[in-house]
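Q: no sequence on this one, just coordinates:
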Ligand code: AMP
């Protein structure tokens, strides 16, 4: 089974993806993690994306589609979870084409619904907790970048909700509950 986790920053996509990895032996493909790893490694691409990411803007479709294309060549185990990808209609089209080339299908798109006040609170708390624990704070977990990340989401990513609804793939889940409740709702949406 291949699925997309869709939702604004702070909706819990990463948390839920790692649980699906454990429970269903799936492969998590987070373009955000891949880009942060590129930045850490100091590669040319990492240097190009670092400032864009810190500001909260989206990196180019070409870069992220390239990253995903590469990962689709690897082991798929229980299937792929696309986390933070696609974020634009062009990425969504490219994903459809890449999966079709591999003879794969997209089986579900789970939209995690949350309200914006909760998002801002969650993300700023995540930054505070990391800082207090002496852990690295994401360069884009600050109020200014967060505003841009939310704006990018509404302008470029939220149209995907309509796109996948029209395709018949969309399942919406309330992302505001406890982690285990959200997890159970996702399972019900996938298996029900
Ligand atoms: P995330 O970890 O998913 O919140 O992503 C962190 C940042 O990486 C985003 O704010 C973007 O700058 C960049 N990014 C991650 N995934 C994508 C994508 N699919 N398209 C464009 N930019 C992305």
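A: Perfect, I can see it now. Predicted model only: the values in this text are computed from it and were never measured. Numbers count the residues shown, from 1 in each chain.

Q: The ligand contacts on the protein?
A: Within reach of the ligand by CB under 6 Å from any ligand atom, the chain has these residues: 9, 31-32, 35, 52-53, 56-59, 64, 84-85, 87, 91, 140, 149. (Each C-beta comes from the backbone N, C-alpha and C, glycine too.)

Q: Among these, which ones are in helices?
A: In helices, judged by DSSP state H, the following of the residues of the chain next to the ligand are found: 31, 32, 35, 52, 53, 64, 91, 149.

Q: Turn the buried ones among those into a named ChimeraX selection, would you?
A: Applying 16 or more other CB atoms under 10 Å to these, the buried members can be selected in ChimeraX as follows:
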select :31,32,35,53,64,91,149
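
Q: In JSON lines: the ones in helices among the residues of the chain next to the ligand, plus pLDDT.
A: Below are those laid out as JSON lines (pLDDT from 0 to 100):
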{"residue": "31", "pLDDT": "98"}
{"residue": "32", "pLDDT": "97"}
{"residue": "35", "pLDDT": "98"}
{"residue": "52", "pLDDT": "97"}
{"residue": "53", "pLDDT": "97"}
{"residue": "64", "pLDDT": "98"}
{"residue": "91", "pLDDT": "98"}
{"residue": "149", "pLDDT": "95"}
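
Q: Check the ones in helices among the residues of the chain next to the ligand against the ligand and report the nearest one.
A: The ligand has its nearest neighbour among these in residue 32, at 2.0 Å by CB to the nearest ligand atom.

Q: so what's residue 31 closest to, chain neighbours aside?
A: residue 85 (4.3 Å; CB to CB, 6 or more residues apart in numbering).

Q: For that neighbour, list the residues it contacts.
A: 4, 29, 30, 31, 64, 68, 91, 95 (CB atoms under 8 Å, 6 or more residues apart in numbering).

Q: would you turn these into TSV with distance to residue 19?
A: Output for the contacts of residue 85, formatted as TSV (distance: CB to CB, whole Å):
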residue	distance to residue 19
4	16
29	15
30	14
31	19
64	23
68	21
91	24
95	22
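
Q: what comes up buried for the longest helix along the chain?
A: Looking across the chain with DSSP H, the single longest helix is helix 116-132. Counting neighbours by 16+ other CB under 10 Å, one finds that the buried residues in helix 116-132 are 119, 120, 123, 127.

Q: pLDDT score for the nearest residue in space to the first one that is not next to it in sequence?
A: Once flanking residues are discounted, residue 119 sits nearest to residue 10: 4.0 Å by CB to CB, 6+ apart. Listed pLDDT for residue 10 reads 91.
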